Structures are given as C-alpha cells and as structure tokens.
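Trainee: coords please:
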Amino acid sequence: MEHLLNVKEAAEYLNVSEMTIRRWTNSGSLACYRVGGRRARRFKISDLTAFLESKPAKRPSTAVALGLQGLAAPGGSHITHLSAAENESLEIAASYAHRGLQDGETVCIVAPDDKVNRILNALRHKGETVEKRRASGRLHLSQGAETPEEQTRRLLDLAENNDKGFRVFGDMTWTKDKGWRMADLERLEEALNRSSLPGGCLFLCQYALDHFTGREIMMAMETHTHGLYRGQIKETLYRQ
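Mentor: All right, here's what the predicted structure looks like:
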C-alpha cells in the first residue's frame, strides 16, 4: 500500500504552504483522503506528482496593504481579527477601509447599522468623502443577508465585478442580529475559502470577544487563512 503523506509533508513536496494545500483540497483541485475520527487530510505521492505536472506555473500572489501599521497580506487572504475593545475595533475597521478606498479598490462594509455609522464617521475624520464614494460604487454598506448562501452570493458578485481590487470588512456581530447559529457562520466562512477569488481580494472578519462563545472563536480561527492580533498578521496554524 502506498505511503500517505500528511499536510505538512504534502506542502514540502509541492513547495507551498500548508494553507495552500488546504485551499486546494477545499476547492477540489487536489485529491486527498480523510482518515481517522478528525478526518485529517492524507495524500498519495502519485496524486501530488500528477497535480504538480498538470498545474501551470503561477506567479506568487501580490501582497496587499491593509492600512494597519504597515501590515500587508497576500491577495485573496481571509483574515480574522479577535477584537477585545471597541476603540481598537473601530480604528482597524476605518483604517482598513480607508486604505482600500485610497488605493482605488471597491470596499464593502458589513456590520450592524450603529457600527456602520461609527465607521463612516471615522472615515470622514480621515478625510473620506463617504457620500461620493457610495455614489461612485466604490463603497458598499450592508447589514448582512438572511442566510449564509445569500451572503456568499452578494460578496462574490461584488468581487467579480470590480476592476481595481476588492476588500470586505465584516463586524460579525451582524450575524447575531440575524439569529445565525455557529453552523451558519461556519458555512459562510468555509464558502469563502472554497471560492475562486480574484487575487486582489481581501476579507477581514472581526469577532468581538465579548459577543461570541469560545467555540465560535475557535471556529473563526479554524476557518480563516490569517489571523490579526496585537499588531501582527500571521498565517493561521489551526486549520486541519
């Protein structure tokens, strides 16, 4: 029987990150086997070799500036921020959105109505002409959809119809207002991971620690490619 490699070994074999391996298996482009009670990914060397031979060479994803203390992330990143304080939450939201608008990107803010208003005021203090941005179609505001499937469609439609990059900020407390369960949240986050997004896209999902349970926070860490915490951004180690 052919020896099966784990995610780390497969990543080393293909000379990519472990997160890239997980993305490829999530999208179905790379075959894997699920073993054990935790359904861990395992790979045949023959499948990895066939994948390597069939996949055209790709340029590395360009880093996109977040607007946060000089931080940047690869285009297509799905980032979670665990927020402990409202002033920090607001500054990150406004700075992230402001940088996207300054760079000519399309920006979508998904948050409860009161949070949207606070973010808009913070953008105005940074010199943004919010009304003109909205009229030009560069700034979209939303309180979220009723289902994960509808929300996914909305975001992907916006992503596909932009010409200079696209970024989303989501204060995920909006899902509480919609009565979503943790399974609903997980469906949304995983749907974004499986989607083929343009390279310039960024998704920043903010989870307020005083609004979500420990299980929900762990789910957030497991379903994002990167984590933002204490002024640093790192590729998450929690995805299986």
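
Trainee: alpha carbons only for contacts and neighbour counts from here, please
Mentor: OK.

Trainee: buried set for stretch 6-20?
Mentor: Of the residues in stretch 6-20, 7, 10, 11, 18, 19 count as buried by neighbour count, 16 or more other CA atoms under 10 Å.

Trainee: cool, and stretch 32-48?
Mentor: Going by neighbour count (16+ other CA under 10 Å), the buried part of stretch 32-48 is 32, 41, 42, 43, 44, 45, 48.

Trainee: out of these, which is nearest to residue 213?
Mentor: residue 41 (27.3 Å; CA to CA).

Trainee: what segments of the chain are helices?
Mentor: For the chain, the helices defined by DSSP state H occupy 7-14, 18-27, 45-54, 86-102, 113-125, 130-135, 148-160, 174-177, 182-194, 214-222.

Trainee: so which of those helices gets nearest residue 208?
Mentor: From these, taking CA to CA, the stretch that ends up closest is helix 86-102, at 8.1 Å.

Trainee: hmm, who's touching that closest one?
Mentor: 65-68, 83, 106-107, 109, 118-120, 122-123, 126, 128, 138-139, 166-167, 169, 206 (CA atoms under 8 Å, 6 or more residues apart in numbering).

Trainee: just the CA atoms of it, as PDB, please.
Mentor: Taking C-alpha atoms only, helix 86-102 is exported to PDB below (Å, rounded to 0.1, in the frame of the first residue of the first chain):
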ATOM      1  CA  GLU A  86     -14.400  48.800  20.700                       C
ATOM      2  CA  ASN A  87     -11.900  51.600  20.100                       C
ATOM      3  CA  GLU A  88      -9.500  49.100  18.600                       C
ATOM      4  CA  SER A  89     -12.200  47.500  16.600                       C
ATOM      5  CA  LEU A  90     -13.300  50.900  15.100                       C
ATOM      6  CA  GLU A  91      -9.800  52.100  14.300                       C
ATOM      7  CA  ILE A  92      -9.000  48.800  12.500                       C
ATOM      8  CA  ALA A  93     -12.200  48.900  10.500                       C
ATOM      9  CA  ALA A  94     -11.800  52.500   9.400                       C
ATOM     10  CA  SER A  95      -8.100  52.300   8.600                       C
ATOM     11  CA  TYR A  96      -8.600  49.100   6.600                       C
ATOM     12  CA  ALA A  97     -11.500  50.600   4.600                       C
ATOM     13  CA  HIS A  98      -9.700  53.900   4.200                       C
ATOM     14  CA  ARG A  99      -6.600  52.200   2.700                       C
ATOM     15  CA  GLY A 100      -8.800  50.300   0.200                       C
ATOM     16  CA  LEU A 101     -10.600  53.400  -0.900                       C
ATOM     17  CA  GLN A 102      -7.300  55.400  -1.300                       C
END
